[in-house]
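Trainee: Give me the fold of what follows.
(one chain, ligands or ions: 1)
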Amino acid sequence: MLMPGRLYLVGLGLSSNFLTQATLDALRSSDVIFLDGYTSISCDLNAELISKLTSKEVIVAKRSQLEDEAKQLLKLAELGNVVSIASIGDPMIATTHAALAVDAMSRGIEVKIVPGISVFCYAVSKSMLSSYKFGRSVTITYPTGIADVTAIKVIESNFSQGLHTLTFLDIKDDKPMRVSEAFDVLREQQSRLGRDVLGQFQYVVVESRLGCPDEKVSVISVNEADEDVGSPPYVIIFPSRLHFMEVDALKWLRFKREYRST
Ligand SMILES: C[S@@+](CC[C@H](N)C(=O)[O-])C[C@H]1O[C@@H](n2cnc3c(N)ncnc32)[C@H](O)[C@@H]1O
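Mentor: Numbers count the residues shown, from 1 in each chain. Got it, this is the predicted structure:
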């Protein structure tokens with residue numbers, strides 16, 4: 001009788017500096033490695049590097065392969081193979097791999113999740129804002145022609161509850177959205193609502209290329225989107241009601257080491 005194999009959903013962290021031993025062990029024990037090539041982007045993690053570190057062939061998978069054609073991929077595990085799907089960051093945070101895991105489990109395939117350092121944790125940590133005070137996160141997406149106001153509504157709703165909002169910026173055709181484009185999308189969304197949501201924020205936190213040698217954390221006003229905020233990819237945090245420790249932290253980030261709290 002054929003023994004079903006195993007499916008690993010593996011997180012790679014944000015860059016090669018944040019690859020864990022657990023992730024490398026899972027990948028090295030795999031017969032087939034797919035690299036999720038569309039949910040995120042890294043400064044140095046790519047198929048070549050993972051192949052070099054694991055001595056395995058790595059197949060870059062498009063959205064269609066991991067979503068619409070997932071049955072073919074799961075067939076490999078049903079035939080007894082150990083299959084890994086490796087994602088930049090964490091495989092289950094701000095990605096849609098839960099459906100794949102449930103599908104695999106319902107076919108009797110053993111599923112193992114190996115977490116990775118997510119941009120979500122990394123960005124909250126580097127912002128020095130209180131993790132207890134974050135509300136729902138949201139992606140600022142490129143307009144599709146449909147009058148979408150999701151992102152601005154989430155930011156507004158969190159703000160009214162005293163909660164900070166972490167926003168991811170869309171990636172289209174491998175091109176990550178820029179900060180000025182994100183503010184343009186939000187301005188368009190708020191004008192549809194007829195409300196000045198962005199005007200409520202004195203400062204936002206822009207974090208770029210986290211986990212890379214040139215990562216940058218900037219505290220800017222919404223009108224300073226063209227300031228040097230580093231290179232993509234970015235997250236933007238919209239802070240709400242701040243504890244005085246958080247005020248000090250943001251002042252420190254804005255004015256860097258020159259700031260002294262007295
Ligand atoms: C949909 S999320 C996927 C998150 C991933 N599953 C994780 O756990 O890190 C991808 C978005 O996160 C942000 N992002 C990813 N890596 C980043 C980095 N190194 N620095 C800043 N933002 C990043 C960008 O907005 C990007 O479009």
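
Trainee: So which residues of the stretch 1-150 of the chain form helices?
Mentor: Secondary structure of the stretch 1-150 of the chain (DSSP state H, counting those that start in this stretch): helices at 21-28, 47-54, 63-66, 70-78, 98-106, 119-127, 150-160.

Trainee: residues contacting the residue in the stretch 1-150 of the chain positioned nearest to the ligand?
Mentor: Nearest to the ligand in the stretch 1-150 of the chain, going by Cβ to the nearest ligand atom, is Gly89, at a distance of 1.9 Å. (Each C-beta comes from the backbone N, C-alpha and C, glycine too.) Shown in contact with Gly89 (Cβ atoms under 8 Å, 6 or more residues apart in numbering): Gly11, Leu12, Gly13, Leu14, Ser40, Thr95, Gly116, Ile117, Ser118, Val119, Phe120.

Trainee: Then Arg187?
Mentor: Leu198.

Trainee: do Ile113 as well
Mentor: Tyr8, Leu9, Pro91, Met92, Ala101.

Trainee: Would you check that the third one makes contact with Pro115?
Mentor: Yep, that's Pro91 we're talking about. Yes. Using Cβ atoms under 8 Å, Pro91 is in contact with Pro115, at 7.5 Å.

Trainee: out of these two, which sits in the busier spot?
Mentor: Pro91 (27 against 18; other Cβ atoms under 10 Å).

Trainee: and the closest residue to that one other than its chain neighbours, what does it touch?
Mentor: Of all residues not flanking Pro91 in the chain, Leu9 sits nearest, at 4.1 Å (Cβ to Cβ, 6 or more residues apart in numbering). Under the criterion of Cβ under 8 Å, 6+ apart, the contact list for Leu9 reads Ser84, Ile85, Ser87, Pro91, Met92, His97, Leu100, Ala101, Val111, Lys112, Ile113, Val114.

Trainee: just the buried members of those?
Mentor: Neighbour counting by 16 or more other Cβ atoms under 10 Å classes Ser84, Ile85, Ser87, Pro91, Met92, His97, Leu100, Ala101, Val111, Ile113, Val114 among the contacts of Leu9 as buried.

Trainee: Keep only these that also lie close to the ligand.
Mentor: With Cβ under 6 Å from any ligand atom as the criterion, the buried ones among the contacts of Leu9 include Ser87 near the ligand.

Trainee: hey, C-alpha coordinates of stretch 52-63 in CSV?
Mentor: Extracted in CSV, the C-alpha atoms of stretch 52-63 (Å, rounded to 0.1, in the frame of the first residue of the first chain):
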residue,chain,number,x,y,z
LYS,A,52,22.6,26.0,-3.1
LEU,A,53,21.8,25.7,0.6
THR,A,54,19.8,22.5,0.2
SER,A,55,21.5,20.9,-2.8
LYS,A,56,18.0,20.4,-4.2
GLU,A,57,16.2,21.7,-7.3
VAL,A,58,13.8,24.5,-6.5
ILE,A,59,10.7,25.2,-8.6
VAL,A,60,9.4,28.7,-8.5
ALA,A,61,5.6,28.4,-8.2
LYS,A,62,3.1,31.0,-9.5
ARG,A,63,-0.2,31.8,-7.8
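
Trainee: Quick one: name the residues of the stretch 151-262 of the chain near the ligand.
Mentor: So far as Cβ under 6 Å from any ligand atom goes, the stretch 151-262 of the chain lies against the ligand at Phe168, Leu169, Ile171, Pro176, Glu207, Ser208, Arg209, Leu210, Gly211, Pro233, Tyr234, Val235.

Trainee: And those, which of them are buried?
Mentor: By 16+ other Cβ under 10 Å, these give Phe168, Leu169, Ile171, Pro176, Glu207, Ser208, Arg209, Leu210, Gly211, Pro233, Tyr234, Val235 as buried.

Trainee: So for the residue of the stretch 1-150 of the chain closest to the ligand, what's the nearest residue that isn't a sequence neighbour?
Mentor: For Gly89, the spatially nearest residue (Cβ to Cβ, 6+ apart) is Ser118, at 4.5 Å.

Trainee: Next up, the contacts around that neighbour.
Mentor: Gly11, Gly89, Asp90, Ile93, Ala94.
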